[in-house]
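In: quick one, what's the 3D model for this:
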Amino acid sequence: MTFDWKSLVETVAPTLATALGGPLAGMATQAISAAVLGKPDGTHDDLSAALESATPDTLLKLKQAEQDFAVKMKELDIDFERVSADDRKSARSREEQIKDSTPKILAYAYTGGFFAVLATQFAIAVIGINIQGSLLRSLDITLGVLIAIMLGVKEYYYGSSSGSARKSEMINDALKTKKENNG
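Out: Sure, this is the predicted structure:
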């Protein structure tokens, strides 16, 4: 079984991960491949192997690729926030219309899993159990993925903070403009 590199990308570079799930998947994969492998045409297995043994430098390159990708998307006038908001709205509407409880069940299951992994890692640290590095890495990756999922659950049910940040920025800009105009 190959390493699930897309889960790592979700944690480190969520914009690229979002693009992987849509019509821009090819562009996102090329950006990830160029950053991690130094070539835009890496295979799934190449990416899996490279990201399984990712160093902090590799993760930094991945984060930089995400920022470059976001700039390119802005140049192409693609608004991921609007796409994400529309997607959440559609999912919520579907849930309301057909009375589907699956999202709630998954949210509770992921929350339980998150706290179970967190408690396991805490117990290992407190008790002082020595475990294999590969098992510890698996727990760390699982916790990272669950954190990303928990953020998604929070956004789904409560909205994202990016909208609030954008509103605050607009208010500050308006106040600054008003102050400048009033002398």
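
In: and stretch 130-149, what's buried?
Out: 139, 141, 142, 143, 144, 145, 146, 148, 149 (16 or more other CB atoms under 10 Å). (C-beta placed from N, C-alpha, C; glycine too.)

In: reformat those residues as TSV; add secondary structure and pLDDT.
Out: Below are these laid out as TSV (DSSP: H, G, I helix; E, B strand; the rest coil; pLDDT from 0 to 100):
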residue	secondary structure	pLDDT
139	helix	85
141	helix	87
142	helix	88
143	helix	87
144	helix	86
145	helix	87
146	helix	89
148	helix	85
149	helix	87
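
In: between those, which sits nearest residue 51?
Out: Distance to residue 51 across these (CB to CB) is lowest for residue 141, with 10.3 Å.

In: buried stuff in the host helix or strand of residue 111?
Out: Using DSSP states H and E, residue 111 falls within helix 102-127. Buried residues in helix 102-127, counting neighbours by 16+ other CB under 10 Å, are found at 107, 110, 113, 114, 117.

In: I figured the third one hits residue 146, correct?
Out: Looking back up the chat, that one is residue 113. Yes: Residue 113 is in contact with residue 146 according to CB atoms under 8 Å; the separation is 5.7 Å.

In: follow-up on the earlier one: tell me which other helices or strands the helix holding residue 111 touches.
Out: Judged by 3 or more CB pairs under 8 Å, 6 or more residues apart in numbering; DSSP states H and E, the packing partners of helix 102-127 are helix 133-158.

In: lovely, talk soon.
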